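**Q** Using only what follows, build the 3D model:
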Amino acid sequence: MKTNWYFEPVKRVMDIILALALMVVFLPIWIVIPILVILDSPGPIIYRHRRVGKGDKEFWMYKFRSMVHNADEILFKKDKKLLKKFKDSDWKLEKDPRITILGKIMRSITIDEFPQLLNVLKGEMSLVGPRAYVKEELKEQQRKYPETEAWIEDILTIKPGITGPWQTSGRNIVPFNVRAEMDAEYARKKSILEDMIIILKTPGAMFSKW
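**A** Residues are numbered from 1 along each chain as shown. Sure, this is the predicted structure:
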C-alpha cells in the first residue's frame, strides 16, 4: 500500500476548505430542509447512525431524516420479513417502505447526506472515501463474501467519505463484494488527483438518478 506522506494532511486541508465552502454556498438547504422534514412526518430533523470509520473506530454519522421515526426499530425488531429482505439484498432495499415522501426526493439527489459535512469538519469523515459501513454489516458480509476480509482491512486504513469511487462510477447498485473491492482499491492508491476527479464527477452522479 502506498505511503504518500502528504496525502492525509493535504486531504484534510481540502476537506475543511471545501466543506466550509459547501455549507456557505448551500446555506438555504440548512434553512429549508429542516422545515420540510418537520412538515413531512413527525420525528427529529437529523438522523444519527453508528458507522465504522478509520481504524475500525465507530462514530455517529449524520443525515437529514428521510425515513419515518424509529425506522431502525421497525426494521430490526418489528418486521422480520423486511429485515430478511434487507440482509439478503446486501444491506439495502431498492423500495424501502420506511422512506417518507420527502425522503424519496432528498435521496434522489442525495440531499439527505448534506449533514455529513459536519462529520467531515469533525474529522470523522472525508469528502471522498470508502462507504461508511455498519459494524454488523461488515461482520455478516465478510461471512457471506470471505474474499473481502483483506479488502476491509485496507478500507479501514482511511476515513469513509460522503462520495467515493463506486458512487460516481455509475455502478452504485452493486453487491457488497464489488463495492468493497472498489473501495479497497481507492484506499490503496491514496491519490489526491483521484479525489479531485471524484469530486468533479459527483454532481453528475447525483443528478443521473433523476
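**Q** What residues sit buried inside the helix or strand hosting Pro28?
**A** Assigned by DSSP states H and E, Pro28 belongs to helix 27-40. For helix 27-40, a neighbour-count test (16 or more other CB atoms under 10 Å) marks Ile29, Ile33, Pro34, Val37, Asp40 as buried. All C-beta spots, glycine's among them, are computed from the backbone N, C-alpha and C.
**Q** Can you add distance to Lys135 and give the residues you listed back as JSON lines?
**A** Putting the buried residues of helix 27-40 into JSON lines (distance: CB to CB, whole Å) gives the following:
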{"residue": "Ile29", "distance to Lys135": "30"}
{"residue": "Ile33", "distance to Lys135": "28"}
{"residue": "Pro34", "distance to Lys135": "29"}
{"residue": "Val37", "distance to Lys135": "27"}
{"residue": "Asp40", "distance to Lys135": "30"}
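**Q** how about low-confidence regions in this protein?
**A** The model of the chain has pLDDT under 70 over residues 1-3, 170-172, 208-210.
**Q** longest single helix anywhere in this protein?
**A** helix 7-25 (DSSP state H).
**Q** can you map out the strands along the protein?
**A** 46-52, 58-64, 126-128, 161-163 (DSSP state E).
**Q** any idea of the angle the first one forms with helix 27-40?
**A** On the basis of axes from the mean of the first three to the mean of the last three CA atoms, to 10 degrees, strand 46-52 is oriented at 110 degrees to helix 27-40.
**Q** show me what contacts Met125?
**A** Gly53, Phe59, Met61, Gln116, Asn119, Ala132, Lys159, Pro160, Gly161, Ile162 (CB atoms under 8 Å, 6 or more residues apart in numbering).
**Q** circling back to that earlier point, can you tell me which of the buried residues of helix 27-40 is closest to Lys201?
**A** Distance to Lys201, by CB to CB, is smallest for Ile29 among those, at 20.9 Å.
**Q** quick one, what contacts the nearest residue to that closest one once chain neighbours are set aside?
**A** In space, Ile29 comes closest to Phe114 once its chain neighbours are excluded; the distance is 5.7 Å by CB to CB, 6 or more residues apart in numbering. For Phe114, the contact set (CB under 8 Å, 6+ apart) comprises Phe26, Ile29, Trp30, Ile33, Phe64.
**Q** Show me which of those residues is closest to Tyr145.
**A** Nearest to Tyr145, judged by CB to CB, of the contacts of Phe114 is Phe64 at 31.0 Å.
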